[in-house]
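K.L.:
Please find the sequence and the predicted model below.
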Amino acid sequence: RLLRLDEPLSLWGGTDLHTGVITDVHHPQHGTAITGRVVVMAASRGSSSSSSVLAEQIRAGVGPAAMILTSRDAILALGAIAAAELYGVWMPIVLIDGAAAGRLLGSGPVAVHARAGHGGAQYRCEQSGFRQRHHHVQRRTSMTLPFINARDLAALMPSAAAVAALEHELRNGLDPEKDGPRLFSALAAGEFLLMPAESSRYAGVKVVTVAPGNPARGEPKIQGIYLLFDAATLAPVAALEGAELTLIRTPAVTAMAVKHMLAAGGRDAVGRLAVFGTSLQADRHIRAITDTMDVEEVVVLGRRDEASRHQAAAWADRGVRARSGQQSDLVGADVIICATSSPTPVFDGSVVAPDAVVAAIGSHGLQAREIDAGLARRADVVVEGRASALREAGNLIPARSAEEWQQRRITNLAELVGGQFRRRPGVPALYTSVGMSWEDLVLASHAFERLGAVAAP
């Protein structure tokens, strides 16, 4: 049944998380439950935390059955999308004009029909004497957003396309130093990680949950979603699967960095690629580098020999010359990728060849490092952005203090792609990353535009 709210409502602080009852004593509908109702209002009011409240109410079965709004509301949209993505529970939101909302009758029954479609959805509201249909296929005027799932995202942004998108933006003025810090918020079961960014055409935020106890329950440790907005109107235009976006982004940025660091040394191919790690992230790094550069041989090094042999065999089955290896294989390696979660160095940096490129991308935080201090101190260093690296890169600190690194003027990715990186003879090159918000925005916006190109007649 319909529940028309006379005033906007903040779900955070204005409703009970566990019962769905309106607790705001100043609201005209104080004491009324939104549970199972088709809620009609202009928009929400107040805290952005209403997104998490709505998602949890939907998950617990005490949220609305649907919402009908007369104004765009990104906060409520995010909550509904999060519930659908994280919990598999859908609550449609329909945007109609004020006149149409005024024709909905009191508290009578109303039906909201939803049908998913490619790149969007169709919603239809029906009530005695009233019918209004809203179509959405990649339109920005509806609160129903196209959702790009993991499979479609991977098809839209193969490694070569992802690297090209990053290079294009960096060559056209994107400054990594203007990227804001990532935001962390503690939760009972883990934490939220928020990564907002803005460009001239789009704004976006990746919302990630990190739940350390999930693997023991057979659930993913990291889950998330990306929301893309139009920069001019701040209207949401798309949602993307967050974990897959990360699995595309991190290897693409690494592959781009490695390619340009090799080029700075006069090389355009890889003889031996040594990869530490057997995780999905490590596997995607092999894919990104072999897709974008000529590689003669891949050597996989993991903590467990069985896992290393299995990963190497999988790549051999794809036609890549690959094998499991030992630390002694590092001596002849042209490129070394560290894609582990190790808090301590995974190899002796003194064995790295003078002209090799090392990319350490797996561990994060000032207390974790995949390479030793000696390698960090003697290498020519490239980072995504200097400010973010000095905040979070344990691969660099405490090899040198932040002040010492600032004096050395380490190279960022914009400068690398712009041809400003210079390698010293006989010195290895090191790329270390922490993950930055602008990278997600670049790939999310390019994927969205490629989706539009595919969907266009």
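P.N.:
In hand now; what should we look at? Quick caveat, the model's predicted, so the values are computed rather than measured.

K.L.:
Over to residue 432: give its phi and psi.
P.N.:
Main-chain torsions, residue 432, degrees, to the nearest 10: phi -130, psi 140.

K.L.:
which ones are touching the spatially closest residue to it that is not a sequence neighbour?
P.N.:
For residue 432, ignoring the flanking residues on the chain, the nearest one in space by Cβ to Cβ, 6 or more residues apart in numbering is residue 395 at 4.2 Å. Any C-beta I mention is one placed from the backbone N, CA and C, and that applies to glycine too. Listed by Cβ atoms under 8 Å, 6 or more residues apart in numbering, the contact partners of residue 395 are 360, 363, 369-371, 376, 430, 432.

K.L.:
again with residue 8
P.N.:
Residue 8 neighbours (Cβ under 8 Å, 6+ apart): 41-45.

K.L.:
Kindly recompute the last result at 6 Å.
P.N.:
Residues in contact with residue 8 (Cβ atoms under 6 Å, 6 or more residues apart in numbering) are 42-45.

K.L.:
Would you reformat these as a markdown table and include distance to residue 95 and pLDDT?
P.N.:
Listed next are the contacts of residue 8 as a markdown table, based on distance: Cβ to Cβ, whole Å; pLDDT from 0 to 100:
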| residue | distance to residue 95 | pLDDT |
| --- | --- | --- |
| 42 | 11 | 85 |
| 43 | 10 | 82 |
| 44 | 13 | 86 |
| 45 | 17 | 80 |
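
K.L.:
Highest neighbour count among those residues?
P.N.:
residue 44 (26 neighbours; other Cβ atoms under 10 Å).

K.L.:
My guess is that one contacts residue 76. True?
P.N.:
Yes: using Cβ atoms under 6 Å as the test, residue 44 is close enough to residue 76 to be in contact (5.3 Å).

K.L.:
rewinding a little: inside helices: which ones of the contacts of residue 8?
P.N.:
Among these, the subset assigned to helices under DSSP state H is empty.

K.L.:
Go through the residues you listed and say which is closest to residue 347.
P.N.:
Closest to residue 347 out of the contacts of residue 8 is residue 44 (51.9 Å), distances taken as Cβ to Cβ.

K.L.:
List the contacts of the closest one.
P.N.:
Contacts of residue 44 (Cβ under 6 Å, 6+ apart): 8, 50, 73, 75-76.

K.L.:
Over to residue 433?
P.N.:
Here residue 433 is in contact with 361, 384 (criterion: Cβ under 6 Å, 6+ apart).

K.L.:
Now do it against residue 69, distance only.
P.N.:
The gap separating residue 433 from residue 69 is 40 Å, by Cβ to Cβ, to the nearest Å.

K.L.:
again with residue 97
P.N.:
For residue 97 relative to residue 69 (Cβ to Cβ), the value is 10 Å.

K.L.:
Compare neighbour counts for those two and give me the winner.
P.N.:
residue 69 (21 against 10).

K.L.:
surely the more buried one meets residue 96?
P.N.:
No: between residue 69 and residue 96 there is no contact under Cβ under 6 Å: 7.7 Å.

K.L.:
Below-threshold pLDDT in this protein: ranges please.
P.N.:
Scanning the chain for pLDDT under 70 picks out 46-47, 100-110, 113-144, 453-457.

K.L.:
how about the helices of it, start to end?
P.N.:
11-14, 50-60, 74-82, 98-102, 150-156, 159-171, 242-264, 280-292, 305-317, 373-378, 386-392, 402-408, 413-417, 437-455.

K.L.:
got those helices as CSV, with mean neighbour count columns?
P.N.:
Listed next are those as CSV, based on neighbours: other Cβ atoms under 10 Å:
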stretch, mean neighbour count
helix 11-14, 20
helix 50-60, 22
helix 74-82, 24
helix 98-102, 13
helix 150-156, 17
helix 159-171, 19
helix 242-264, 23
helix 280-292, 21
helix 305-317, 16
helix 373-378, 19
helix 386-392, 20
helix 402-408, 13
helix 413-417, 21
helix 437-455, 21
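
K.L.:
For stretch 152-162, what is the distance to the chain centroid?
P.N.:
14 Å (Cα atoms, centre = their mean, to the nearest Å).

K.L.:
Stretch 251-271 too?
P.N.:
For stretch 251-271 - counting by Cα atoms, centre = their mean - the centre lies 24 Å from the chain centre.

K.L.:
what does stretch 425-432 give?
P.N.:
For stretch 425-432 - counting by Cα atoms, centre = their mean - the centre lies 29 Å from the chain centre.

K.L.:
which other residues reach that stretch?
P.N.:
By Cβ under 6 Å, 6+ apart, stretch 425-432 touches 257, 261, 352, 354, 356-360, 379-382, 393, 395, 423.

K.L.:
Ends of stretch 198-217, what's the gap?
P.N.:
36 Å (Cα to Cα, to the nearest Å).

K.L.:
quick one: the residue nearest to residue 432 from residue 302, how far?
P.N.:
From residue 395 to residue 302 the distance is 20 Å (Cβ to Cβ).

K.L.:
Tell me how far residue 22 lies from residue 329.
P.N.:
65 Å.

K.L.:
what about those two, which has more around it?
P.N.:
residue 22 (21 against 18).

K.L.:
beta partners for that one?
P.N.:
residue 15 (DSSP bridges).

K.L.:
how many neighbours does the nearest residue to residue 19 once chain neighbours are set aside have?
P.N.:
Distance criterion Cβ to Cβ, 6+ apart; nearest residue to residue 19, sequence neighbours excluded, is residue 62 at 5.8 Å. Residues near residue 62, counting by other Cβ under 10 Å, number 19.

K.L.:
can you start the count at 2 instead of 1 from here on
P.N.:
Happy to do that; since the first residue is 2 now, the last one works out to residue 63.

K.L.:
thinking residue 63 is in contact with residue 21, fair?
P.N.:
Yes: here residue 63 reaches residue 21: they are 3.7 Å apart, a contact under Cβ under 6 Å.

K.L.:
shared neighbours of these two, which are they?
P.N.:
Joint contacts of residue 63 and residue 21 (Cβ under 6 Å, 6+ apart) are residue 36.
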